[in-house]
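Novice: no sequence for this one, just the structure:
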């Protein structure tokens, strides 16, 4: 009889919360990414439009997610991302990886990474890259 060993990733699907913080009402990109992640075998929870940082952090806690994906097209990423990161930390979820998509100026990238954002993607980003980056980031913590 052979032993059947499974890795932690095989025993529990990656759980991703996709959220649209702020007043931005455009969610096509978030939905495209959410579908790609789901098709890649991840469990995806989409919170919908106009979420507050508090709502997103609470949903991440309640859903016990591994990853939070934020879609921000409004230009408010330098206010919203740090607030969400702080709330996750306050909830004891500093292990949760945060990815950001939207219209993000290149000059903001180093500061976002310093704050703790794992990956940043602009319009037209390849969903395979996002999938691989999420898997890679979670494999690093294991």
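Specialist: That came through, no problem. Remember, it's a predicted structure, so these values are computed and weren't measured experimentally.
Novice: Can you check the distance spanned by stretch 109-120, start to finish?
Specialist: Terminal residues of stretch 109-120 are spaced 7 Å apart (CA to CA, to the nearest Å).
Novice: for stretch 52-71, what is the average pLDDT?
Specialist: The predicted model assigns stretch 52-71 a mean pLDDT of 97.
Novice: What lies in contact with it?
Specialist: Identification of contacts with stretch 52-71 by CB atoms under 8 Å, 6 or more residues apart in numbering yields 14-21, 24, 27, 29-30, 33-34, 37, 45, 47, 51, 77, 80-81, 83-84, 87-88, 90-91, 93, 96-102, 134, 137-138. Any C-beta I mention is one placed from the backbone N, CA and C, and that applies to glycine too.
Novice: likewise stretch 104-118?
Specialist: 72, 77-78, 81-82, 85, 94, 97-100, 120, 122, 133, 137.
Novice: Looking at these, which are in strands?
Specialist: The strands, defined by DSSP state E, take in 72, 97-100, 120 from these.
Novice: List the contacts of residue 49.
Specialist: Contacts of residue 49 by CB under 8 Å, 6+ apart are 20, 24-25, 27.
Novice: The same query, at a cut-off of 10 Å, please.
Specialist: With contact taken as CB atoms under 10 Å, 6 or more residues apart in numbering, residue 49 is in contact with 19-27, 30, 71.
Novice: Tell me how many other residues crowd the closest residue in space to it that isn't next to it in sequence.
Specialist: Excluding the flanking residues, the one nearest residue 49 by CB to CB, 6 or more residues apart in numbering is residue 20, at 4.9 Å. Neighbour count for residue 20, taken as other CB atoms under 10 Å: 26.
Novice: Check the gap between residue 20 and residue 118 for me.
Specialist: 18 Å (CB to CB, to the nearest Å).
Novice: so residue 96 sits right up against residue 14, yeah?
Specialist: No - counting by CB atoms under 10 Å, residue 14 is not a contact partner of residue 96; they are 11.5 Å apart.
Novice: If anything else comes up later, I'll come back, but that's it for now.
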